[in-house]
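Undergrad: sequence first, then the predicted structure:
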Amino acid sequence: MSPRNDRTDVDVLIVGSGPAGSMYARTIGELVPHARILMVEAGPRVPGTRGDHTQNMSEQDREAAQLLTQGPDAGTQRDAALLDIAEGLDPSLEFRQTVLPGLHFVDSHPTLRSGEVGLPAASMSTGVGGMGIHWGASTPRPHQSERIPFIPEDEMDAALSHAERVLGVTEQRPPGAGLAAAIHSAMAEEFDGPGLTPVGFMPSAMHWEGERLVFSGTGAILGDLEEDVPGFELRPETLARRVLLEDGVAVGAELQDRITGEVSTVRAARVVVCADGLRTPQVLFASGIRPRALGHYLNEHFQMASFLQLGDDFDPARFGRDPREHGYVLIPFSDARPMQGGVMALADSPYAIGDDDGAAASRLGILAWYAAKDVRYEDAVEFSETETDFFGMPRMTIRYSRTDHDQKTISAMYANSIRSAARIGELTDQPTLAAGGSSLHYQGTVRMGPVDDGSSVCDERLRVWGIAHLYVGGNGVIPTATAANPTLTTVALAWRAAKELAATLADER
């Protein structure tokens, strides 16, 4: 039987249906299968199977799903949304394609203080599955100082391995084959060295089913939860306005039906907030839970991407091609090189441009570099006491600046972009720093810490300091400066926390 008492409606309330919230739900359901678990999501259901990645959908369903999850811009075509961008924000092809479909801006007209650069492209998704139905599916492990120093390495490695299994991660092993092997060899010669993480291939949460490449969406995490856990309910278009507290204990939440406007409360033995890196601290702020670190230490790594034409030695026509190999060469983060690089020839990947596009197009490649930000308390998302956003929650303002150290990192990232391109071909344009917020990886806002000293919001099991029975999750819990894509780490950390939460429920049975 489940750990019921007369004063609870559910055993676990989970706010947010993205990867972290879904990992909590799955883990608790597996360990306590009779638990009553309510997951609430502010956005709507989308076409197709629950939590499926949009890349697996038909073009018609994908476009419908993207329009549905655009929050205040729901139903707005991308070209129309571009008409409302702050002055100076680059409306480039890359920006249109990677930020707007399925997402909506936090603030497309930010007001910056002197010296601030802000995150003008900061965006979020509002719909069942969260960002997990839109993400790029890259799942590198963190390396060296990207790793969380107060979690034992063997424990973290076990959690990462579990997350890889749940997400269905596949990885091409060095040295690779064909053109991918040639590019890997060139990048290894250029970037490998003592103390540096060796060049490899990007792990990805995708796999082949016959002739079809399948991306792992949030549904891959939830699995068969509805069938296996009768007490699980996913309730869409339900906004969590605030966590309810009694004597320092989280006892439920105030919910609003976004269709009818009706406000109700649900009482829960445990509350988990996984709204995303910006809305999780927003929910806590609205609840009066305001530790010193809440919203601070905001960290989004720098992003720089460019196209190149492959040289004669890397002409795809010289190599056999296996479309099942992604061919995405990874130059991992190292402390001596605090950035991550990726190189992919389009003609040797599932995203290949056909031969009928001409010889020039067939030689097209992509470079993408991410660099770690200098983590500072001053970089923050702040919340208004008086103004509200589209959802009626405290309005966000992002305070974000670059330090001298950041400027040096960006210069080094530019230099490495030039180096990697020159090794295998020629750039078609100069590498350009993407608008702040473009990576969509917002970390640190509810960061974990080893002790409650004011520099963190939660402990290493994601329990909020000073509030019993309240947990958080998502990219915002990551406390370190990173360049690696964070989803794998986020899912791994949610699994560790959910196991602890499930054990406390089991103890109460």
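TA: In hand now; what should we look at? For clarity, every value in this text was computed on a predicted model and none was experimentally measured.
Undergrad: wait, isn't Asp335 in contact with Gln144?
TA: Yes. Asp335 lies in contact with Gln144 (Cβ atoms under 8 Å); the separation is 4.7 Å. Placement of C-beta: from N, CA and C, glycine included.
Undergrad: the two: which has the busier surroundings?
TA: Gln144 (16 against 13; other Cβ atoms under 10 Å).
Undergrad: from Ala497, how far off is that one?
TA: Distance, Gln144 to Ala497, using Cβ to Cβ, to the nearest Å: 24 Å.
Undergrad: ok, longest strand in the protein?
TA: strand 263-273 (DSSP state E).
Undergrad: now Ser114: which helix or strand?
TA: Using DSSP states H and E, Ser114 maps to neither a helix nor a strand.
Undergrad: number of nearby residues for it?
TA: 5.
Undergrad: 736 is where my numbering starts, stick with that
TA: Shifting the count to begin at 736 puts that one at Ser849.
Undergrad: strands along the stretch 1036-1185 of the chain, start to end?
TA: Ranges of strands in the stretch 1036-1185 of the chain, per DSSP state E, counting those that start in this stretch, are 1037-1045, 1063-1066, 1074-1080, 1099-1106, 1115-1123, 1129-1134, 1160-1162, 1167-1168.
Undergrad: could you look up the SS state of the nearest residue to Leu969 once chain neighbours are set aside?
TA: Distances taken as Cβ to Cβ, 6 or more residues apart in numbering place Met774 nearest to Leu969, at 4.8 Å, with adjacent residues excluded. Three-state assignment for Met774 (DSSP: H, G, I helix; E, B strand; the rest coil): strand.
Undergrad: so what's Met774 bridging to?
TA: Ile749, Leu969 (DSSP bridges).
Undergrad: report the contact partners of it.
TA: Neighbour list for Met774: 749, 751-752, 756-757, 760, 967-970 [criterion: Cβ atoms under 8 Å, 6 or more residues apart in numbering].
Undergrad: make JSON lines out of those residues and add pLDDT.
TA: As requested, these are exported to JSON lines (pLDDT from 0 to 100):
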{"residue": "Ile749", "pLDDT": "98"}
{"residue": "Gly751", "pLDDT": "98"}
{"residue": "Ser752", "pLDDT": "98"}
{"residue": "Gly756", "pLDDT": "98"}
{"residue": "Ser757", "pLDDT": "98"}
{"residue": "Ala760", "pLDDT": "98"}
{"residue": "Phe967", "pLDDT": "98"}
{"residue": "Glu968", "pLDDT": "98"}
{"residue": "Leu969", "pLDDT": "98"}
{"residue": "Arg970", "pLDDT": "98"}
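Undergrad: next SSE downstream of the helix or strand of the chain with the lowest mean pLDDT?
TA: Between all helices and strands in the chain, the lowest mean by mean pLDDT, DSSP states H and E belongs to helix 828-834, at a mean of 47. Remark: after helix 828-834, the chain's next helix or strand is strand 839-840, criterion DSSP H and E.
Undergrad: how much space between Thr995 and Arg780?
TA: Thr995 is 16 Å from Arg780, by Cβ to Cβ.
Undergrad: of the two, which one has the most company?
TA: The residue with more neighbours, out of Thr995 and Arg780, is Arg780; 17 against 8, by other Cβ under 10 Å.
Undergrad: am I right that the more buried one sits in a helix?
TA: No. Counting by three-state DSSP, Arg780 is not part of a helix but coil.
Undergrad: so it makes contact with Val863?
TA: Yes. Under the criterion of Cβ under 8 Å, Arg780 makes contact with Val863 at 5.0 Å.
Undergrad: measure how buried the closest residue to Arg1072 other than its chain neighbours is and give me the count.
TA: The shortest distance from Arg1072 to any non-neighbouring residue, by Cβ to Cβ, 6+ apart, is to Leu931 (6.1 Å). Residues near Leu931, counting by other Cβ under 10 Å, number 17.
Undergrad: list the contacts of Leu931.
TA: 1069, 1071-1072.
Undergrad: ok, back up a step: what's the overlap in contacts for Arg780 and Val863?
TA: Contact criterion Cβ under 8 Å, 6+ apart; residues shared by Arg780 and Val863: Pro971.
Undergrad: ramachandran coordinates for Gly1127?
TA: Backbone torsions for Gly1127, taken as degrees, to the nearest 10, come to phi 80, psi 10.
Undergrad: any idea how far Phe840 is from it?
TA: Distance from Gly1127 to Phe840, by Cβ to Cβ: 17 Å.
Undergrad: these two: which is more packed in?
TA: Phe840 (24 against 12).
Undergrad: which residues does the more buried one bridge with?
TA: Applying DSSP bridges to Phe840 yields these beta-bridge partners: Ser858.
Undergrad: got the contact list for it?
TA: Phe840 touches 808, 834, 856-858, counting by Cβ under 8 Å, 6+ apart.
Undergrad: just the buried subset of the contacts of Met774, please.
TA: With neighbours counted by 16 or more other Cβ atoms under 10 Å, these contain buried members at 749, 751-752, 756-757, 760, 967, 969.
Undergrad: which of the residues you listed sit farthest apart?
TA: Gly751 and Phe967 (14.8 Å; Cβ to Cβ).
Undergrad: re earlier: distance to Phe1037 for the buried ones among the contacts of Met774 - can I get that in TSV?
TA: Shown next, in TSV, are the buried ones among the contacts of Met774 (distance: Cβ to Cβ, whole Å):
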residue	distance to Phe1037
Ile749	32
Gly751	26
Ser752	29
Gly756	28
Ser757	29
Ala760	33
Phe967	39
Leu969	35
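Undergrad: one step back: I'd like to know which elements the next helix or strand after the longest strand of the chain is packed against.
TA: Sequence-wise, the next helix or strand downstream of strand 998-1008 (DSSP H and E) is helix 1014-1021. When contacts are defined as 3 or more Cβ pairs under 8 Å, 6 or more residues apart in numbering; DSSP states H and E, helix 1014-1021 packs onto strand 973-981, strand 998-1008, strand 1115-1123, strand 1129-1134.
Undergrad: strand 1129-1134 and helix 1014-1021, what's the angle between them?
TA: Per axes from the mean of the first three to the mean of the last three Cα atoms, to 10 degrees, the angle that helix 1014-1021 makes with strand 1129-1134 is 120 degrees.
Undergrad: pLDDT averaged over helix 1014-1021 - what is it?
TA: For helix 1014-1021, mean pLDDT is 98.
Undergrad: and Ser880, what does it touch?
TA: Counted by Cβ under 8 Å, 6+ apart, Ser880 has contacts 1070, 1073, 1215-1216.
Undergrad: any idea how far it lies from Gly983?
TA: Distance of Ser880 to Gly983, computed by Cβ to Cβ: 35 Å.
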